[in-house]
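Colleague: based on what follows, work out the 3D shape:
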Amino acid sequence: MTDDLRTIRIDDIDPGEMAKGYRDGYSGRPAATDGSKSYQYGHKRGAADAAALKDDDE
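Modeller: Alright, predicted model coming up:
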């Protein structure tokens, strides 16, 4: 993927795709290689939130 996720615009986000990515990232599943930009963004956020919660538990 050549697009930088930091440049995603709110108009470009597909909420359904982002939710799927978030769920996969949060549960620790690897990101789908053919996922859309919205999916990739959601996966990144889900993984970050899961890591933050894990740190809080320790």
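Colleague: rest of the way, CA atoms for contacts and neighbours
Modeller: Fine.
Colleague: and the average pLDDT for the helix or strand harbouring A51 is what?
Modeller: Following DSSP states H and E, the helix or strand that holds A51 is helix 37-57. Mean pLDDT, computed over helix 37-57, is 89.
Colleague: got a list of contacts for it?
Modeller: Outside helix 37-57, the residues within contact range by Cα atoms under 8 Å, 6 or more residues apart in numbering are 3, 5, 8, 12-15, 17-28, 31.
Colleague: swap in 10 Å and give it another go.
Modeller: Residues outside helix 37-57 that contact it (Cα atoms under 10 Å, 6 or more residues apart in numbering): 1, 3-6, 8-10, 12-36.
Colleague: in it, what's buried?
Modeller: Of the residues in helix 37-57, those buried by neighbour count under the rule 16 or more other Cα atoms under 10 Å are K37, S38, Y39, Q40, Y41, G42, H43, K44, R45, G46, A47, A50.
Colleague: repeat for stretch 14-21
Modeller: Buried-residue list, stretch 14-21, by 16+ other Cα under 10 Å: E17, M18, A19, K20, G21.
Colleague: re the thing from before, pull the helix holding A51 out as PDB, backbone CA atoms only.
Modeller: Presented in PDB, the C-alpha positions along helix 37-57 are these (Å, rounded to 0.1, in the frame of the first residue of the first chain):
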ATOM      1  CA  LYS A  37      -7.600   2.200   3.200                       C
ATOM      2  CA  SER A  38     -10.500   2.400   5.600                       C
ATOM      3  CA  TYR A  39      -9.900  -1.200   6.700                       C
ATOM      4  CA  GLN A  40      -6.200  -0.600   7.200                       C
ATOM      5  CA  TYR A  41      -6.800   2.500   9.200                       C
ATOM      6  CA  GLY A  42      -9.300   0.700  11.400                       C
ATOM      7  CA  HIS A  43      -6.900  -2.200  11.900                       C
ATOM      8  CA  LYS A  44      -4.200   0.100  13.000                       C
ATOM      9  CA  ARG A  45      -6.500   1.900  15.500                       C
ATOM     10  CA  GLY A  46      -7.800  -1.400  16.800                       C
ATOM     11  CA  ALA A  47      -4.400  -2.800  17.400                       C
ATOM     12  CA  ALA A  48      -3.300   0.400  19.100                       C
ATOM     13  CA  ASP A  49      -6.300   0.300  21.400                       C
ATOM     14  CA  ALA A  50      -5.800  -3.300  22.300                       C
ATOM     15  CA  ALA A  51      -2.100  -2.600  23.100                       C
ATOM     16  CA  ALA A  52      -3.100   0.400  25.300                       C
ATOM     17  CA  LEU A  53      -5.600  -1.700  27.300                       C
ATOM     18  CA  LYS A  54      -3.000  -4.500  27.700                       C
ATOM     19  CA  ASP A  55      -0.600  -2.000  29.200                       C
ATOM     20  CA  ASP A  56      -3.200  -0.700  31.600                       C
ATOM     21  CA  ASP A  57      -3.800  -4.200  32.900                       C
END
